[in-house]
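Trainee: kindly return the folded structure for what I paste below:
(one chain, ligands or ions: 1)
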Amino acid sequence: MAMLKGRRVVLGVTGSIAAYKSAFLVRELVKAGAEVRVVMTPGAKEFITPLTLGTLSGHPVHSELTDDREAGTWTDHVELGLWGDVVLVAPATAHTLAGMVEGRGDSLLLTVLLSAKCPVVVAPAMDRDMFTHPATTANLDALRSRGVHVIEPEEGELASGLEGKGRLADPVRIREELTAWFRNHAPLLGYRALITVGPTHEPVDAVRFIGNRSSGRQGVAIAMELARRGMTVDLIAGPIDLATDHPGIDRRDVGTALEMNAAAQEAARAHAPDVVIGTAAVSDVRPSAPIDGKAAKGDLPDHLGLTENPDILAGLNASVPADCFKVGFALAHDDGLEAALRKKDRKGCDLMVLNSLADQGAGFGHTTNRVRFVHGPDRIDSFELKSKDAVAVDLAEVIQARLLQRPPIEPDSTL
Ligand code: C5P
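Mentor: Got it, this is the predicted structure:
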């Protein structure tokens, strides 16, 4: 039940006689703590009024692409599609299912479905012969192959008088399947992570910098894995050459350690992250007096004055909630365990991920990594050499186990 608390459900209601059951469905979802916005097709309004579903959901119901013809305003289907954690179409008619397969946009609901970045669940409802028709079977298969989850209709007496499969799944069952689906597919929805990634570039002049060889691969793999599990990720990225295309990832690109620090502090204060992960290879120092413009060869100084950069991870302690789970990375050139334990305490981390340049295939630039999870002197988990994606899964498992012991942090109540 708790899985639906705070989840944003766009409920699409289409023109089946079973549309009357969507009133019960809205109640089930709202009772379970979900926030529901209803989008009806014009056909659905023949069976149940927007007033009923608007009252039960507590939000205006949308059904037309144009909002107010006189005023020339339209319903923002993109906004609705992006708002939802899931779009649930229940009941879903053969007509809307076919429209989804073809990618048509001739109803507001279909345009929302085309714009939605979130997962889609459909609960078909139709007469037995329509449901068993090869066209419907093929359409449902096509939708399944695109990752749409289908809540199977039930067997029984149908409005047409026929007996068979096609009756909309009971609203309680739909709520239960949706809950199970959330648990399996987006167990960390509602939680937030703040991740720093990549190197920093500290200018010597307009074109030269002090930097390092960090590719950002490990941090990006972690950000993608957590986003796949439903987390919203503030990704503060130094200069990296990697895409992070996921709607759950909010990326800020920065250049220097000072910029990374400012962006991380801002995100921490704004969003009260449940997890902070410092994967960035932050430059320890910066040139104290960067030269304006490009210095000619002869004008470069013999010595560079250097100033120490702030420790971003340690500095975040003051800006994140007390029970935020903090993960640091330590790259050692030797075994590094003692140093990792000291860093863990100094930076106030719950976990240090330690990798060593002494290990073949580990560290900067590689697609593989070999890590130890240093929870404390008495708990050190060692892993084999594996892909950075697989390391990200291992870390996400630790984070997930930790987070699911408690509800997500409410940004305003904790700071
Ligand atoms: O002390 P060291 O640089 O080895 O610590 C590495 C860990 O601390 C990493 O998690 C890194 O992202 C973080 N760090 C930081 N700011 C710095 C230096 C390191 O956040 N200035």
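
Trainee: what's stretch 360-375 in contact with?
Mentor: 212-215, 217-218, 281, 330-331, 337, 340-341, 344, 350-357, 359, 380-388, 391, 394-395, 398 (Cβ atoms under 8 Å, 6 or more residues apart in numbering). Using the backbone N, CA and C atoms, a C-beta is placed for each residue, glycine as well.

Trainee: if we go to 6 Å?
Mentor: 213-215, 218, 331, 340, 351-355, 357, 359, 380-383, 385, 387-388, 391 (Cβ atoms under 6 Å, 6 or more residues apart in numbering).

Trainee: how about stretch 398-407?
Mentor: Here stretch 398-407 has contacts from 191, 274-275, 325, using Cβ under 6 Å, 6+ apart.

Trainee: where do the strands of the stretch 101-250 of the chain begin and end?
Mentor: 120-124, 149-150, 154-157, 163-167, 192-197, 202-203, 209-210, 232-237, 249-253 (DSSP state E, counting those that start in this stretch).

Trainee: quick revisit: save the contacts of stretch 398-407 as CSV, and put in distance to Asn261 too.
Mentor: As requested, these are exported to CSV (distance: Cβ to Cβ, whole Å):
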residue, distance to Asn261
Tyr191, 23
Asp274, 21
Val275, 18
Phe325, 20
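
Trainee: among the residues you listed, which ones are in strands?
Mentor: 275, 325 (DSSP state E).

Trainee: lowest pLDDT pick from the contacts of stretch 398-407?
Mentor: Least confident of these in the model: Tyr191, at 93.

Trainee: ok, it touching Asp274?
Mentor: Yes: counting by Cβ atoms under 6 Å, Asp274 is a contact partner of Tyr191 at 4.5 Å.

Trainee: the ligand: which of the strands of the stretch 101-250 of the chain is closest?
Mentor: Proximity to the ligand, assessed across the strands of the stretch 101-250 of the chain by Cβ to the nearest ligand atom, is greatest for strand 192-197 (5.5 Å).

Trainee: flag the shaky bits of the stretch 51-200 of the chain, pLDDT-wise.
Mentor: Scanning the stretch 51-200 of the chain for pLDDT under 70 picks out 68.

Trainee: now, of the strands of the stretch 101-250 of the chain, which is deepest in the fold?
Mentor: Highest mean neighbour count among the strands of the stretch 101-250 of the chain (mean count of other Cβ atoms under 10 Å): strand 192-197, with a mean of 28.

Trainee: remind me what it packs against, helices and strands.
Mentor: Judged by 3 or more Cβ pairs under 6 Å, 6 or more residues apart in numbering; DSSP states H and E, strand 192-197 is in contact with helix 217-228, strand 232-237, helix 257-271, strand 275-278.

Trainee: contacts made by that strand with the rest, please.
Mentor: 216, 219, 223, 226, 231-237, 260, 264, 267-268, 271, 273-280.

Trainee: which of these come close to the ligand?
Mentor: Under the cut-off given by Cβ under 6 Å from any ligand atom, the ligand has 278-280 from those close to it.

Trainee: what parts of the stretch 51-200 of the chain come near the ligand?
Mentor: Thr196.

Trainee: stretch 270-277: end-to-end distance?
Mentor: 17 Å (Cα to Cα, to the nearest Å).

Trainee: take the strands of the stretch 101-250 of the chain and write them to CSV, including distance to Glu64.
Mentor: Below are the strands of the stretch 101-250 of the chain laid out as CSV (distance: least, Cβ to Cβ, whole Å):
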stretch, distance to Glu64
strand 120-124, 21
strand 149-150, 27
strand 154-157, 32
strand 163-167, 28
strand 192-197, 35
strand 202-203, 54
strand 209-210, 54
strand 232-237, 31
strand 249-253, 31
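
Trainee: ok so, going back, ok, of the ones next to the ligand among the contacts of strand 192-197, which one's closest to the ligand?
Mentor: Distances from the ligand to these, taken by Cβ to the nearest ligand atom, are shortest for Gly278, at 3.1 Å.

Trainee: what is the neighbour count of the closest one?
Mentor: 28 (other Cβ atoms under 10 Å).

Trainee: and what of the one 10 residues further on?
Mentor: The number of residues packed near Ser288 is 10, by other Cβ under 10 Å.

Trainee: how about the nearest residue to it, chain neighbours excluded?
Mentor: Gly305 (3.9 Å; Cβ to Cβ, 6 or more residues apart in numbering).

Trainee: which stretches of the stretch 251-400 of the chain have low pLDDT?
Mentor: Looking at the stretch 251-400 of the chain by pLDDT under 70, you get an empty list.

Trainee: all the strands of it, residue numbers only.
Mentor: Going by DSSP E, counting those that start in this stretch, the stretch 251-400 of the chain shows strands at 275-278, 285-287, 306-308, 325-332, 351-356, 368-369, 371-376, 379-382, 386-387.
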